[in-house]
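**Student:** 3D model of this:
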Amino acid sequence: MRGSPLVAFIVMLAVALVGAPSAAAQTTGGASYESAKEREAREAKRQRLRLVEGPKATILPNGLAAAPTGAPPQVLAAINAANKIIGKPYRYGGGHAKVEDSGYDCSGTISYALIGARLLKAPLDSSSFMRWGKAGAGEWITVYTNPGHAFVVIAGLRLDTSAAGDPGGRKGPRWRPALRSTRRFTARHPAGL
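**Tutor:** This next block holds a predicted model:
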């Protein structure tokens, strides 16, 4: 039985290699590595899960929004970013001192969505939004603002902290099915959108 120790060694080595995690796929701490292409594919797949046919976004039963299939990438990103804070409480000044916050005010909510879409670098207050972007309504994104309040319409849905026009009467960052009056608001939009 001269070959027995060699056979046993080969079997143990094979078992060890099959059962061991790949060094290329995992770190010792358990975090996995992925290429930029794999990460983009994963993110695109995640975004596709929240797409609907038609020209406008839709509010899903869970209160999140599904973007329309033909929306530009910035619109998809803004909707996905806003979905992360839906249901958080209203908090005056929320989202300004830090982007990731426990609650958001009106302009903090808009800022969060626009930062997520890389259309804004830092949070703005409602008065500052009066000078942001281009004048007038946009095709995909329009910020309605005045010195006291602001909300945004993205792909036909209103993202607002005010319960105005919301059948549920809930406050805080939420997608709202009905547009409120835009009288006494200045309309602004990001260039090209």
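
**Student:** low-confidence ranges in the protein?
**Tutor:** The model of the chain has pLDDT under 70 over residues 1-33, 39-49, 178.

**Student:** Next, name the residue at the spatial heart of it.
**Tutor:** Ala81 (1.4 Å; Cα atoms, centre = their mean).

**Student:** looking at this, it is in a strand?
**Tutor:** No. Counting by DSSP: H, G, I helix; E, B strand; the rest coil, one finds Ala81 to be helix, located in no strand.

**Student:** Do I have it right that it meets Ile115?
**Tutor:** Yes. Between Ala81 and Ile115 there is a contact at 7.1 Å, judged by Cβ atoms under 8 Å. Yep, even glycine has a C-beta here, placed from its N, CA and C like the rest.

**Student:** The chain: strands as residue ranges?
**Tutor:** Listed in chain order, the strands of the chain (DSSP state E) span 51-52, 58-59, 65-68, 134-135, 141-145, 150-154, 157-160, 174-176, 186-189.

**Student:** Just give me the neighbour total for the residue nearest to Glu53 when sequence neighbours are not counted.
**Tutor:** Residue nearest to Glu53 in three dimensions, not counting chain neighbours: Thr69, with 5.9 Å by Cβ to Cβ, 6 or more residues apart in numbering. Other residues near Thr69 number 12, with proximity taken as other Cβ atoms under 10 Å.

**Student:** Return the set of residues that bridge with Val152.
**Tutor:** For Val152, the beta-bridge partners are Val143, Leu159 (DSSP bridges).

**Student:** To what extent is it buried, counted in neighbours?
**Tutor:** Neighbourhood size, Val152 [other Cβ under 10 Å]: 26.

**Student:** got the contact list for it?
**Tutor:** 109-110, 113-114, 141-144, 158-160 (Cβ atoms under 8 Å, 6 or more residues apart in numbering).

**Student:** give me that answer again for 7 Å
**Tutor:** 110, 113, 141-143, 159 (Cβ atoms under 7 Å, 6 or more residues apart in numbering).

**Student:** Contacts for stretch 108-118 next, please.
**Tutor:** For stretch 108-118, the external contacting residues (Cβ under 7 Å, 6+ apart) are 74, 77-78, 80-82, 85, 94-96, 99, 101, 104, 120, 123-124, 129, 143, 150, 152, 154, 159, 161, 173.

**Student:** 6 Å instead?
**Tutor:** The contact list for stretch 108-118 (Cβ atoms under 6 Å, 6 or more residues apart in numbering) reads 74, 77-78, 81-82, 85, 94-96, 120, 123-124, 143, 150, 152, 161, 173.
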